Structures are given as C-alpha cells and as structure tokens.
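Undergrad: fold the following.
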Amino acid sequence: MSHRPIRMCVVCHRRQEKEKLLRVTVKGGELLWDREMKLGGRGAYLCPSRDCIEKLRNSRVMRKLFRFLRHELPAEEVKRLVEEMLGQEG
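TA: Residues are numbered from 1 along each chain as shown. Here you go, the predicted model:
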C-alpha cells in the first residue's frame, strides 16, 4: 500500500488526495492555476467543484487564500483565475 498525499481545500476544508484537487500558486507576482502540479513554491488547494471555485470571489475566502499562499494579490487577479478555471470546466 503506497502513501497518497492528502491536502485540504482552502474553501470548504474537505480533505482529499492531492491528485483530486486543483492547485494554485503565485509565480512572479501572478496567481496561477498549476494544472500539472509541477510549479514550485507555496501552493493552495481547492476542490474541483464549481461551488468551491466560485466561492473564491468572496472577500473572506480570498483572505484565507492569501494567508495560505503567504502572498496578497489584487482581488481582480483572483477573479481572473476564477473565470479561467470555470472556463476550463468539464
């Protein structure tokens, strides 16, 4: 039996295997969706559900995201990422 890394969704706090979650990170001051989970640096994870992705627009949830990433960004940057993720859904 092999060990599978478990991560927590920054939005709903549900714990899942890392591979089942979406990862976001900051690179060069830009918030990025790390689709391949290969970008370096501190990352935050969220469930691939539309509900969790949309909740990133909420200012309280944004503050949690910034705390996880240890990096504060403009709200427009988070909203851009949400639109990108929702556009690539399903």
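Undergrad: ok, now which ones touch Leu81?
TA: Val24, Leu31, Leu32, Trp33, Leu56 (CB atoms under 8 Å, 6 or more residues apart in numbering). Every C-beta, even on glycine, is put in place using the N, C-alpha and C of the backbone.
Undergrad: tell me which two of those sit farthest apart.
TA: The span of the contacts of Leu81, defined through CB to CB, is set by Leu32 and Leu56 at 13.7 Å.
Undergrad: and these two? which has more neighbours close in?
TA: It is Leu56, of Leu32 and Leu56, that has more neighbours when counted by other CB atoms under 10 Å, with 21 against 17.
Undergrad: on that earlier part again, out of the contacts of Leu81, which is nearest to Leu73?
TA: If you rank those by distance to Leu73 using CB to CB, Leu31 comes first, at 5.5 Å.
Undergrad: counting neighbours, what do you get for that closest one?
TA: Quick note: Leu31 (other CB under 10 Å) scores 23 neighbours.
Undergrad: name the SS class of it, please.
TA: Put simply, Leu31 is strand when judged by DSSP: H, G, I helix; E, B strand; the rest coil.
Undergrad: show residues contacting the strand ranked longest in the chain.
TA: The single longest strand within the chain, with elements called by DSSP state E, is strand 22-27. Contacting residues not belonging to strand 22-27 are listed as 31-34, 37, 39-48, 53, 65, 69, 71, 73, 81, 85 [CB under 8 Å, 6+ apart].
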